[in-house]
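Enquirer: 3D, please:
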Amino acid sequence: MRRRNARGALLCLLLMVSLLLASCGGTAPVQPTPSAAEPATTPSPVPPTATPTLGPPVPEPVEPVTGMPQGDERFPWWNHSVFYEIFVRSFYDSDGDGIGDFNGIIEKLDYLNDGEPKTDTELGVTALWLMPIFPAASYHGYDATDYYSVNPEYGTMEDFKRLLDEAHARGMRVIIDLMLNHTSREHPWFVEAQNPDSPYRDWYIWAEEPQGRGPDGQVVWHPAPSGGYYYGLFWDGMPDLNFTNPDVTSEMQEVARFWLEDVGVDGFRLDGARYLVETEQALADSDANHAWFQEFNTFVKGVNPEAVLVGEVWTTTFTVVTYIKGGELDTAFAFDQAAAILSSLNFARAETALDQMALDARLYPEGQLAPFLTNHDQNRVMSELGDQEEVRHAAAMLLTAWGTPFIYYGEEIGMTGVKPDERIRTPMQWAGGDKAGFTTGTPWQPVSQTDPAFTVEAQSEDPDSLLSFYRRLVKLRSEHIALRVGQPYFLEIDPAPVYALLRASPEEVVLVVLNLGKEAVSEYNLSLESGPLQGRYRVVDLLGAGEFPDLEANAEGGFDQYLPLPELPPNARLILQLQPVGR
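Expert: Got it, this is the predicted structure:
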């Protein structure tokens with residue numbers, strides 16, 4: 001009883017002291033009484049200014065394309081687009097006659113772009129180029145017999161207009177092939193021109209005797225049914241029009257106006273653009289030819305300022321760029337770059353492609369080139385390379401390149417094809433077998449491969465397929481402004497198989513690294529002497545593989561000896577987004 005009273009007195013004394021301290025403005029620390037069951041512990045010290053640990057970086061879309069691509073103050077809409085070239089005859093047959101048609105394309109539009117940004121079952125392209133759709137004397141359509149209607153084997157004008165509407169609704173523009181240089185010899189203009197008194201006589205080029213050979217040494221003067229000779233650059237079935245005659249120019253301007261204004265196409269791919277106006281001094285790329293295209297461009301933009309003119313100027317870069325710098329074409333196919341990419345992959349020497357890309361970057365007006373791998377006039381890329389990994393490298397190089405990329409139909413599933421021309425334009429392989437899911441009838445041309453592995457059906461659900469890889473690349477380009485319009489920067493690279501390219505826009509920076517070789521590379525160097533970089537960047541692979549060290553910019557805006565991986569595996573493909581730290 002006495003011990004309990006003593007403890008109570010002690011507690012009263014402590015309470016009085018606490019109150020006294022509080023009244024003086026002090027604060028007594030509260031010390032919890034240790035429990036017999038919970039012995040007292042000493043808390044660990046906490047750093048007063050601890051820096052939070054950052055989690056692993058994740059890809060961040062930067063100014064993604066939504067809906068139909070639009071232009072901005074620096075770049076037109078086509079620089080934000082990915083084109084897909086279609087041979088209508090070979091894409092999809094809707095009525096079982098063995099020939100592809102407009103309604104067949106409509107049925108397959110969702111494969112190309114379904115208009116739903118959250119889906120991943122579409123290829124994702126945002127523009128279509130249709131090879132010739134006019135009535136023609138030949139299967140390929142490049143020898144038109146009428147410029148104001150459509151090939152009846154493909155459908156009606158109403159079918160075509162519905163195709164335009166359906167494509168536009170899904171965010172895809174449509175351009176068509178326009179063959180200005182020549183007509184078919186079966187065109188009514190040429191038939192009437194056989195009469196020397198016909199007003200159409202001077203629409204073509206005539207001579208009593210052959211006047212020499214063509215620009216490539218080929219026969220270009222052909223015997224006319226009415227006597228004498230006519231000029232036909234490509235072959236006797238396609239006589240050249242005489243563009244020194246203003247009536248011909250006026251007529252072809254009206255053709256362009258009709259398709260842009262009355263029908264509603266979004267532009268033209270201009271076939272054989274080098275050869276329209278021949279002079280005694282030049283059968284190709286004459287001064288008069290350049291002047292003609294300046295006038296034509298002005299006319300087209302007057303009808304539709306947003307219309308695009310894509311030129312086939314199949315020659316060296318040095319000549320191609322003159323058509324763009326002169327305000328004649330909006331963009332043109334980069335033939336030298338396509339050849340350099342294939343050469344780089346065949347010999348595992350990245351510098352071949354990179355040197356050509358660097359030259360193109362210096363010569364072309366900003367971004368106004370159209371890179372591609374192969375087209376309807378060349379052996380298919382799978383046949384040229386013959387290797388799945390090399391084809392994937394080619395796709396990565398194409399779809400991360402500067403300019404407006406074009407994909408040839410079937411390229412995305414690895415279709416093969418070697419000349420003659422019919423064999424590089426075979427039916428699209430939707431499924432396996434002799435009909436390839438292309439038709440219920442007999443295909444107009446036997447399919448290239450009956451192996452079901454090279455079909456949309458087999459590859460569509462396989463995340464590791466070539467088709468899935470193309471889908472990812474097209475989506476990345478649409479999601480990342482640096483891949484669409486970012487300025488290219490060319491690195492100091494060693495050894496030969498390592499390909500690297502920096503793409504930088506004011507909004508984003510992306511670094512592309514490929515190992516084109518079949519062996520791992522452990523001793524390599526990636527450096528950029530000067531560039532647009534500032535400070536430190538976290539690095540994340542947009543293809544979703546691995547973790548990477550930060551990249552530190554040097555004083556000149558480049559970087560020194562950056563190694564994303566200690567060793568680049570065989571056939572490595574990295575598309576690295578550089579995310580600025582603290583900015």
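
Enquirer: alpha carbons only for contacts and neighbour counts from here, please
Expert: OK.

Enquirer: list the residues that contact residue 210.
Expert: 221, 222, 229 (Cα atoms under 8 Å, 6 or more residues apart in numbering).

Enquirer: also residue 573?
Expert: Residue 573 makes contacts with 393, 396, 512, 513, 514, 515, as judged by Cα under 8 Å, 6+ apart.

Enquirer: confirm for me that the last one is in contact with residue 567.
Expert: What it means is residue 515. No. Judged on Cα atoms under 8 Å, residue 515 makes no contact with residue 567 at a distance of 10.2 Å.

Enquirer: looking at the two, which is more packed in?
Expert: Neighbour totals were compared for residue 515 and residue 567, and residue 515 leads with 25 against 13 (other Cα atoms under 10 Å).

Enquirer: next up, the contacts around the more buried one.
Expert: Contacts for residue 515 (Cα under 8 Å, 6+ apart) come out as 497, 498, 499, 521, 568, 569, 570, 571, 572, 573.

Enquirer: so which of the contacts of residue 573 is the most crowded?
Expert: Among the contacts of residue 573, residue 515 has the most neighbours (other Cα under 10 Å), with 25 neighbours.

Enquirer: next, find the distance separating it from residue 474.
Expert: In this view, residue 515 and residue 474 are 21 Å apart by Cα to Cα, to the nearest Å.

Enquirer: low-confidence ranges in the stretch 51-200 of the chain?
Expert: Filtered on pLDDT under 70, the stretch 51-200 of the chain yields the residue ranges 51-55.

Enquirer: okay, which residue is most central for the chain?
Expert: Most central in the chain under Cα atoms, centre = their mean is residue 405, positioned 2.7 Å from the mean C-alpha point.

Enquirer: I figured it hits residue 83, correct?
Expert: Yes. Using Cα under 8 Å, residue 405 is in contact with residue 83, at 6.2 Å.

Enquirer: run through who's touching stretch 176-185.
Expert: 129-133, 136-137, 142-145, 190-191, 232, 236-241, 252, 265, 267-273, 275-276.

Enquirer: which of the residues you listed fall in helices?
Expert: Members of the contacts of stretch 176-185 lying in helices (criterion: DSSP state H): 190, 191, 252.

Enquirer: for residue 107, state which of those residues is nearest.
Expert: residue 252 (32.1 Å; Cα to Cα).

Enquirer: excluding chain neighbours, what is closest to the closest one?
Expert: residue 180 (7.1 Å; Cα to Cα, 6 or more residues apart in numbering).

Enquirer: and for the one you found, the neighbour number?
Expert: Neighbours of residue 180 (other Cα under 10 Å): 24.

Enquirer: same thing with residue 492?
Expert: Neighbours of residue 492 under the rule other Cα under 10 Å: 14.

Enquirer: quick one, domains of this structure?
Expert: Residue ranges for the domains of the chain, per automatic domain parsing: 77-181+245-404+473-483, 188-231, 486-580.

Enquirer: residue 68: which of these is closest?
Expert: Taking these one by one with Cα to Cα, domain 77-181+245-404+473-483 is closest: 3.9 Å.

Enquirer: tell me which stretches of the stretch 251-400 of the chain form helices.
Expert: Applying DSSP state H, counting those that start in this stretch to the stretch 251-400 of the chain gives helices spanning 287-303, 317-325, 335-347, 350-363, 381-385, 388-399.

Enquirer: same for the fourth one, what does it pack against?
Expert: For helix 350-363, the contact count by 3 or more Cα pairs under 8 Å, 6 or more residues apart in numbering; DSSP states H and E identifies helix 317-325, helix 335-347, strand 487-490, strand 498-505 as packing neighbours.

Enquirer: all set now, cheers.
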